[in-house]
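Asker: Predicted coordinates and the sequence they were generated for:
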Amino acid sequence: MIAYILATCIPGHEKDVIAKIKVLPEVVEVNGVMGRYDVFVKVSADNALKVDSAIGKVRSIPHVTSTFTMPAIYGQGGTIDDEK
C-alpha cells in the first residue's frame with residue numbers, strides 16, 4: 001500500500017522535519033515543496049496498519065503542524081513500468 005502525505009510545518013524548521021522523516025523505514029521519498037504545504041512524503045508498506053503507523057509518526061514529529069494524506073488507489077495509474 002502506498003500513501004502520499006503533504007505536511008505543513010513551522011517556518012524555518014523544514015530541513016529538521018525532513019531529516020526526521022527520512023529515517024522512518026516506511027518512507028520511500030521525502031522532499032521540501034513550495035506552496036500550501038512544506039513537505040511531500042511518499043510512504044509504502046505491505047499493509048494499511050503499517051501505513052497508518054507511518055502517518056502517525058510523521059504527524060508526531062516536532063514542528064509539524066498539520067498533514068493531508070492521500071492513499072493511492074491500486075489499478076488507477078502507477079508508474080510507467082507498471083503498465084508494461
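Answerer: Done, it's in. Numbering: from 1, shown residues only.
Asker: Which neighbouring elements make contact with the lowest-mean-pLDDT helix or strand in the chain?
Answerer: With mean pLDDT, DSSP states H and E as the measure, the helix or strand of the chain carrying the lowest mean pLDDT is helix 48-59 (a mean of 94). With contacts taken as 3 or more CB pairs under 8 Å, 6 or more residues apart in numbering; DSSP states H and E, helix 48-59 sits against strand 2-9, strand 39-44, strand 64-71. C-beta coordinates here come from the backbone N, C-alpha and C atoms, glycine included.
Asker: In the second one, which residues are buried?
Answerer: Of the residues in strand 39-44, those buried under the neighbour-count criterion (16 or more other CB atoms under 10 Å) are 39, 40, 41, 43.
Asker: now do stretch 58-73
Answerer: Going through stretch 58-73 with 16+ other CB under 10 Å, the ones that come out buried are 58, 61, 63, 64, 67, 69.
Asker: what's the pLDDT at the fourth one?
Answerer: What it means is residue 64. Predicted confidence (pLDDT) for residue 64: 98.
Asker: Next: the second one.
Answerer: In the predicted model, residue 61 carries a pLDDT score of 97.
Asker: The residue nearest to residue 2 when sequence neighbours are not counted: what's it in contact with?
Answerer: In space, not counting the residues next to it along the chain, residue 2 is nearest to residue 72; the distance is 4.1 Å by CB to CB, 6 or more residues apart in numbering. For residue 72, the contacting residues are 1, 2, 3, 4, by CB atoms under 8 Å, 6 or more residues apart in numbering.
Asker: quick one: which of those residues has the most company?
Answerer: residue 3 (19 neighbours; other CB atoms under 10 Å).
Asker: Can you name the residues that contact that one?
Answerer: Neighbouring residues of residue 3 by CB under 8 Å, 6+ apart: 42, 43, 51, 54, 55, 69, 70, 71, 72.
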